[in-house]
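Q: Got a predicted model here, sequence first, then my questions.
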Amino acid sequence: VYGVDYYETFAPVAKLASFRLILAIAARNGWSAETFDFNSAYLNSKLDEEVYLEQPPDHEFADRRKYVLKLLKALYGLKQGGRKWYETLSAALADLGFTRAEADYGVFFKRDGTHLVILAIHVDDCLITGSSTRLLAEYKRQLAAKYKLTDLGPVSWLLGIKVSRDLSAHTLALSQHAYIEAIITRFNFDDLKPISTPMDPTSQLSKSQCPESAADVARMRRVPYKEAIGSLMYAAMGTRPDIAFAVSTLAQFSQNPGWVHWEAVKRVFRYLLGTKTLSLIYGGGQRGLEGYVDADGASQEHRRAITGYVFLVDGGAISWSSKKQELVTLSTAESEYVAATHAAKEAIWLRRLIGEVFRPLSEPTTLHSDSQSAIALTVDGSYHARTKHIDIRYHFIRYSIDAGSIRLLYCPTADMTADVLTKALPSVKVKHFATALGLASA
């Protein structure tokens, strides 16, 4: 019962974008990056609430009809278990002098003289990196003195993602090759024929293709549509931005998918089957943080444009999104303008995280758009008639530019990396933009 047996239950974890950013900068600087996990993490946390348990059968300490057990530690399965562990670990890190990043409560950092140590946590899995190998070992030793942990050494796997490094070239690759093979096998798609695009650019999916008869609905219930979408989502969120638009689009039909939608899901698996060796690669040059933003207009059935943006560090994507806009826009320029605001919000967050943990960025972050009209709307107030109806929150892009946080520059459509996040494209463009995202066979 809330307020009696438990209170807060939310337990922050580091965002995938934070992990990618930290690893990209570690690769650039040649820092050691290591992982460890805490054994039976939840059992280290004391409970503030009074929680009682029945005595387990065959292990009675007294008459089980008269006596119960009082729970002293957080158990796995307890609603507040994750939260209590997060609070316990946060307090331990604070005692060691670490500061929690306001931009991401799953990231902690400490400046020790001229050195920097960073720790990113995901429940009981931890990534630690920094400019001093000696300090990494020392802080791991101090944590091991408080809690039992398993030192996994240099990072090779992180949240199911394979991490490979070339220390001499200062590059790092993230791959979900094994995960992709596992989900292909799980859904018995090993014998499918590979294809070069995740979606068919010549056809449009719509609700009119959803089943209407009871027989068709019953037939589709036997298809693992939601499970397949969920499996694809982790790949799209982890290392495969090239399938983000396809997965986002197909997820919209999860409540009542038709056979055409299921065939489209299988097409994404066919694409992954032929591109499963692709990795996100960072490094090989210090190109800093830059972004691309695009919108597809309002060609979708729902008449709302798709916003697509991606931010890269040293040539590899660290954050991306493919999402339907909340409102119906009246022109392509307006949809691009709204998309720019969504991208600006992500850019501000990334700048804040970089500024907190590493050092503040002295120059505006370059955000590329292929819409000259949208760029004009951000810098010239004379277009009042075209913007007076737009909700004030979507003018955030103007504030970001005036504040010196964002520099919005024109980019030809042929070079608009975010294009792959807004629509289905032909094979040549899919390959071109996958490379621009930092995807390559490692």
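A: Perfect, I can see it now.

Q: quick one: buried residues of the lowest-mean-pLDDT helix or strand in the chain?
A: Every helix and strand in the chain was compared by mean pLDDT, DSSP states H and E; the lowest is helix 384-387, with a mean of 70. Judged by neighbour count (16 or more other Cβ atoms under 10 Å), helix 384-387 contains these buried residues: 386, 387. Where C-beta positions appear, they are placed from N, C-alpha and C, glycine not excepted.

Q: Ok, stretch 40-50 next?
A: Those would be 41, 42, 43, 44, 45, 47, for stretch 40-50 by 16+ other Cβ under 10 Å.

Q: From residue 127, how far off is the fourth one?
A: This means residue 44. 19 Å (Cβ to Cβ, to the nearest Å).

Q: cool, and the first one?
A: When distances are taken as Cβ to Cβ, residue 41 and residue 127 turn out to be 15 Å apart.

Q: After the longest helix seen in the chain, which helix or strand is next?
A: Identified as the longest helix of the chain according to DSSP state H is helix 332-357. Once helix 332-357 ends, the next helix or strand along the chain (criterion: DSSP states H and E) is strand 365-369.

Q: Okay, angle between that following strand and helix 332-357 too, please.
A: Angle of strand 365-369 versus helix 332-357, following axes from the mean of the first three to the mean of the last three Cα atoms, to 10 degrees, is 160 degrees.

Q: Run through who's touching strand 365-369.
A: With contacts defined as Cβ atoms under 8 Å, 6 or more residues apart in numbering, strand 365-369 is touched by 289-294, 336, 340, 343-344, 347, 350-351, 375, 405-411, 415-417.

Q: could you flag which of the residues you listed are buried?
A: 289-294, 336, 340, 343-344, 347, 350-351, 375, 405-406, 408, 411, 416-417.

Q: domain ranges for this structure?
A: As given by automatic domain parsing, the domain ranges for the chain are 16-159, 285-411.

Q: farthest residue from the center of the protein?
A: Distance from the centre of the chain peaks at residue 63, with 51.1 Å (Cα atoms, centre = their mean).

Q: Distance of that residue relative to residue 261?
A: 59 Å.

Q: Need the nearest residue in space to residue 293, chain neighbours excluded.
A: residue 343 (3.8 Å; Cβ to Cβ, 6 or more residues apart in numbering).

Q: so who does that neighbour touch?
A: With Cβ under 8 Å, 6+ apart, residue 343 has these contacts: 291, 293, 307, 309, 367.

Q: Out of the residues you listed, which is nearest to residue 431?
A: Using Cβ to Cβ, residue 309 comes nearest to residue 431 of the contacts of residue 343, at 20.6 Å.

Q: and the gap between the nearest residue to that closest one once chain neighbours are set aside and residue 415?
A: Using Cβ to Cβ, 6+ apart and skipping the chain neighbours, the partner closest in space to residue 309 is residue 343 (3.8 Å). Going from residue 343 to residue 415 by Cβ to Cβ gives 16 Å.

Q: again, but for residue 41
A: In terms of Cβ to Cβ, residue 41 sits 46 Å off from residue 415.

Q: where does the stretch 51-200 of the chain dip in pLDDT?
A: In the predicted model, the stretch 51-200 of the chain carries pLDDT under 70 at residues 60.

Q: I figured residue 149 hits residue 36, correct?
A: Yes: counting by Cβ atoms under 8 Å, residue 36 is a contact partner of residue 149 at 5.1 Å.

Q: Overlap in contacts, these two.
A: Taking Cβ under 8 Å, 6+ apart as the contact rule, residue 149 and residue 36 both touch 140, 143.

Q: and the nearest residue in space to residue 51 that is not next to it in sequence, what is it in contact with?
A: Leaving out its chain neighbours, the residue that sits closest to residue 51 by Cβ to Cβ, 6+ apart is residue 71, at 4.2 Å. For residue 71, the contact set (Cβ under 8 Å, 6+ apart) comprises 47, 51, 52, 53, 78.

Q: Tell me which two in these are the farthest apart.
A: Most distant of the contacts of residue 71, by Cβ to Cβ, are 52 and 78, 12.5 Å apart.

Q: ok, residue 402 to residue 340 distance?
A: 14 Å.

Q: meant to ask about residue 197, not that
A: 27 Å.

Q: ok, now residue 150?
A: For residue 150, the distance to residue 340 - Cβ to Cβ - is 45 Å.

Q: cool, and residue 12?
A: For residue 12, the distance to residue 340 - Cβ to Cβ - is 29 Å.

Q: got it, and residue 430?
A: 24 Å.

Q: can you check residue 365 too?
A: For residue 365, the distance to residue 340 - Cβ to Cβ - is 12 Å.

Q: same deal with residue 326?
A: Distance from residue 326 to residue 340, by Cβ to Cβ: 15 Å.

Q: Surely residue 79 is within a strand?
A: No: using DSSP: H, G, I helix; E, B strand; the rest coil, the assignment for residue 79 is coil, not a strand.

Q: phi, psi of it?
A: phi -60, psi -40 (degrees, to the nearest 10).

Q: go on, residue 158?
A: phi -150, psi 110.

Q: rewinding a little: what lies in contact with the least confident helix or strand of the chain?
A: Residues beyond helix 384-387 that count as contacts (Cβ under 8 Å, 6+ apart) turn out to be 331, 333, 334, 337, 377, 395.

Q: now the second one, nearest residue through space, not along the chain?
A: Distances taken as Cβ to Cβ, 6+ apart put residue 373 closest to residue 333, at 3.6 Å, once the chain neighbours are dropped.

Q: quick one: contacts for that neighbour?
A: 331, 332, 333, 336.
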